[in-house]
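Novice: Build me a model:
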Amino acid sequence: MMLEDLAPEEAIKACAWYKPQFNEKNQETITRAQRIKFAVQAGLEDDFVTKTLKVDVAATSRKYVKLIDRLNGFTHINAKTFGISRSSERQLVKEALATFVLLFRTIDDCRDKVVGRVENRARRALNFELIATSIDELHEIATHYTTDGGDIDDLALESMDDSTIVFTVEGSVDCQLQYGSDRDYERGEGLRHDTSYPLTCELVADITAPLDLEVRNLRVDNSSFYE
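Specialist: Here you go, the predicted structure:
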């Protein structure tokens, strides 16, 4: 049930890495290994996960599947089930807990490494957006403005599925606000002021190209200007 929640069948089938598997009745089926793979890497392509992120999903999958098979053996009650020793019980419980922890640690490890990989790309994408587009919140408080780029204080992986990867960003924009025209400023009748304001945005990429980031929902908080 846990894996089904983490890895829905239709989402798995939509991944570029998905290859149909068939059971003994020749019916297409989703395997435990495929569910584990999706839980860890979602739709990220194998080369990116193994070569770029250096995450060994297959090793975690083998351990997890082996453990589940052992645990399933205890759901079929027979003489051997009652013959297990106390020490064997404790050992099995320890292995079960360790393997469950390993699965979620691998999931977290993969996501942390994705974030690490996109950090530099995220800054470049944000700086380009701040320079190339008009920011309404800065137009609102100055005659003219220029931006010197932005700083990222927090970059978090918001979601990762079969098609899209989304990061949330909290940071700030460094800017110069100008009051009056350039001629006003040259005559000493205008003013330029260097400052910064908090910002939030999303960085979105196709799951098959997770480093090609697009800035969406950029918001600059200029409320301190009015205080």
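
Novice: Show me the strands in this protein, by range?
Specialist: Counting by DSSP state E, the chain has these strands, from start to end: 21-22, 28-29, 144-160, 164-179, 191-206, 214-220.

Novice: ok, and for the last one, which residues are buried?
Specialist: Residues of strand 214-220 classed as buried: 215, 218, 220 (neighbour count, 16 or more other Cβ atoms under 10 Å). (C-beta placed from N, C-alpha, C; glycine too.)

Novice: With distance to residue 29 and pLDDT added, can I get those residues in CSV?
Specialist: Shown next, in CSV, are the buried residues of strand 214-220 (distance: Cβ to Cβ, whole Å; pLDDT from 0 to 100):
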residue, distance to residue 29, pLDDT
215, 40, 96
218, 44, 97
220, 50, 97
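
Novice: Tell me how many other residues crowd residue 101.
Specialist: Neighbour count for residue 101, taken as other Cβ atoms under 10 Å: 10.

Novice: That one and residue 21, how far apart?
Specialist: 27 Å (Cβ to Cβ, to the nearest Å).

Novice: now residue 8
Specialist: For residue 8 relative to residue 21 (Cβ to Cβ), the value is 16 Å.

Novice: who has more neighbours, these two?
Specialist: Counted by other Cβ under 10 Å, residue 8 and residue 21 do not tie: residue 8 has more neighbours, with 16 against 12.

Novice: Point to the helix or strand of the chain where mean pLDDT is at its lowest.
Specialist: The weakest-scoring helix or strand in the chain, judged by mean pLDDT, DSSP states H and E, is helix 79-82 (a mean of 53).

Novice: Report the residue ranges of every domain in this protein.
Specialist: Domain ranges of the chain: 2-114, 120-221, per automatic domain parsing.

Novice: Quote the end-to-end distance of the first one.
Specialist: Spelled out, it's domain 2-114. End-to-end distance of domain 2-114: 23 Å, with Cα to Cα, to the nearest Å as the criterion.

Novice: How far does that domain sit from its chain's centre?
Specialist: From the chain centre to the centre of domain 2-114 is a distance of 20 Å (Cα atoms, centre = their mean, to the nearest Å).

Novice: which stretches of the protein aren't confidently modelled?
Specialist: 1, 70-84 (pLDDT under 70).

Novice: Now do the helices in it.
Specialist: 2-6, 9-13, 32-41, 46-47, 57-73, 79-82, 86-132, 136-139, 182-186 (DSSP state H).

Novice: Distance to residue 205 added to those, as a markdown table?
Specialist: Listed next are those as a markdown table, based on distance: least, Cβ to Cβ, whole Å:
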| stretch | distance to residue 205 |
| --- | --- |
| helix 2-6 | 21 |
| helix 9-13 | 17 |
| helix 32-41 | 14 |
| helix 46-47 | 16 |
| helix 57-73 | 20 |
| helix 79-82 | 49 |
| helix 86-132 | 8 |
| helix 136-139 | 25 |
| helix 182-186 | 39 |
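
Novice: Would you tell me which of those helices gets closest to residue 172?
Specialist: helix 86-132 (10.4 Å; Cβ to Cβ).

Novice: Show me what the closest one is packed up against.
Specialist: helix 32-41, helix 57-73, strand 144-160, strand 164-179, strand 191-206, strand 214-220 (3 or more Cβ pairs under 8 Å, 6 or more residues apart in numbering; DSSP states H and E).

Novice: Dump these to JSON lines, plus distance to residue 125.
Specialist: Shown next, in JSON lines, are the helices and strands packed on helix 86-132 (distance: least, Cβ to Cβ, whole Å):
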{"stretch": "helix 32-41", "distance to residue 125": "22"}
{"stretch": "helix 57-73", "distance to residue 125": "27"}
{"stretch": "strand 144-160", "distance to residue 125": "10"}
{"stretch": "strand 164-179", "distance to residue 125": "9"}
{"stretch": "strand 191-206", "distance to residue 125": "6"}
{"stretch": "strand 214-220", "distance to residue 125": "6"}
